[in-house]
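Chemist: Need coordinates for the following:
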Amino acid sequence: MISKDKKIKDQKIIICFTGMPGAGKTTAIEIVKDLGYDTVNMGQGVREETIRRDLPLTDKNVGSVMLDMRRKNGMTAIAQLTLPKILSSKKKVVGVDGVRNIEEIEVFKDAGEVKILAIHGSPEVRYNYLRGRRRKDSPESRKPFEKRDEREISVGILRIISLADEVISNNGITIEQLREKTRKVLINWVNQLEH
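Modeler: Residues are numbered from 1 along each chain as shown. As a prediction, this is how the structure comes out:
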């Protein structure tokens, strides 16, 4: 029988980033790369599926495809799409951007030791960030932003945020401060889990 300590040392460390749209997850997960590890973006799989369905990459289309995938294949649909990318990584630590529900965490627990980092931003901070990044799925006004929040809440994101191992507030801090707070959390977790 393999001891739990031996098992953890041999498994991947999967750092799951969660938070409402525009909270700063993408900025925070850059630290995983800075530390020399791999990252996987769960939303990228949904965007790829949206393109496969020959739909323009608007927030409405990407959101509809995400909901449809979960409706047809269950709450773990996006995690199942992401899991092979995690498993194929040659790195010990993999950051996962965009975890939205507890069912996804359960999928990832089969691949390694999971830690959840939630990034919190007020609605005003998040709205301004999303507007500023000018992606095709950026909200054009407050109403689509609020609808997107409702959609995220409907798939369980508030529960996963509430169960996070650590929460970093992205209100009233600089990008560099967010990065530094994230760096400290990640280094601490990796050190704890590797030793």
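Chemist: Residues touching stretch 47-60, excluding its own?
Modeler: Residues from elsewhere that reach stretch 47-60 (C-beta atoms under 8 Å, 6 or more residues apart in numbering): 61-62, 65, 69, 81, 136-139, 144, 148. Where you see a C-beta, it was placed from the backbone N, CA and C, and this is true even at glycine.
Chemist: and the host helix or strand of residue 108, how far from the chain's centre?
Modeler: Using DSSP states H and E, residue 108 sits in helix 102-109. Relative to its parent chain, helix 102-109 has a centroid offset of 12 Å by C-alpha atoms, centre = their mean, to the nearest Å.
Chemist: In terms of secondary structure, what does that helix contact?
Modeler: Where contact means 3 or more C-beta pairs under 8 Å, 6 or more residues apart in numbering; DSSP states H and E, helix 102-109 is packed against strand 12-18, helix 77-88, strand 112-120, helix 157-162.
Chemist: re the thing from before, among the contacts of stretch 47-60, which are in helices?
Modeler: 61-62, 65, 69, 81, 144, 148 (DSSP state H).
Chemist: show me what contacts residue 167?
Modeler: Residue 167 neighbours (C-beta under 8 Å, 6+ apart): 117-120, 161.
Chemist: wait, what's in contact with the closest residue to residue 34 other than its chain neighbours?
Modeler: Closest residue to residue 34 apart from its sequence neighbours, by C-beta to C-beta, 6 or more residues apart in numbering: residue 183 at 7.4 Å. Taking C-beta under 8 Å, 6+ apart, we find residue 183 in contact with 31, 34-35.
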